[in-house]
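Novice: This is a predicted model, with the sequence first.
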Amino acid sequence: MNRLSRLATGDKVEIIDRGSPDFRKTGKVIKCVCKPLTMINSGGKSISSGVLTLCEVKLEDTGTIGEFTVDQLREIP
């Protein structure tokens, strides 16, 4: 599921990745960045394999900024 279309700067989100130390914390999206993913095959050629979308989130409880994939976030009202 592509969640990028639902997340924008200023949206309030919750971290839903159980493996993250920030699980269940909330914050606001500062910005979203798309980074191309590339893989190197055995012949040394690079192959594009898609795009990774990362969101920078300012966490409410600590005031720190964390970087999360859109799959690790859930928009909250």
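Specialist: Okay, I see it. Residues are numbered from 1 along each chain as shown.
Novice: Tell me where this structure has helices.
Specialist: Under the criterion DSSP state H, the chain carries no helices.
Novice: For it, which element, helix or strand, carries the lowest mean pLDDT?
Specialist: Sorted by mean pLDDT, DSSP states H and E, the helices and strands of the chain end with strand 46-59, the least confident at a mean of 86.
Novice: Centre of the chain to it, how far?
Specialist: 7 Å (Cα atoms, centre = their mean, to the nearest Å).
Novice: need the contact list for the nearest residue to residue 23 once chain neighbours are set aside.
Specialist: Counting by Cβ to Cβ, 6 or more residues apart in numbering, the nearest residue to residue 23 once its immediate chain neighbours are dropped is residue 15, at 5.6 Å. The way it works is simple: take the backbone N, C-alpha and C, and place the C-beta from them, glycine included. Contact criterion Cβ atoms under 8 Å, 6 or more residues apart in numbering gives 22, 23, 24, 25, 26, 27, 57, 66, 68, 72, 73 as the residues in contact with residue 15.
Novice: most surrounded residue in those residues?
Specialist: residue 57 (28 neighbours; other Cβ atoms under 10 Å).
Novice: That residue against residue 13, yeah?
Specialist: Yes. Counting by Cβ atoms under 8 Å, residue 57 touches residue 13, with 6.1 Å between them.
Novice: quick one: the residue nearest to residue 23 from residue 8, how far?
Specialist: The spacing between residue 15 and residue 8, counted by Cβ to Cβ, to the nearest Å, is 17 Å.
Novice: Strand partners (parallel or antiparallel) of the least confident helix or strand of the chain?
Specialist: strand 26-40 (antiparallel), strand 65-69 (antiparallel) (DSSP bridges).
Novice: closest to residue 47 out of the ones you listed?
Specialist: strand 26-40 (5.1 Å; Cβ to Cβ).
Novice: in this structure, which residue is closest to the centre?
Specialist: In the chain, the C-alpha closest to the average C-alpha coordinate belongs to residue 69, at a distance of 2.2 Å (Cα atoms, centre = their mean).
Novice: which residue sits closest to that residue in space, ignoring its chain neighbours?
Specialist: Nearest residue to residue 69 in three dimensions, chain neighbours excluded: residue 54, at 6.0 Å (Cβ to Cβ, 6+ apart).
Novice: Alright, I will stop here.
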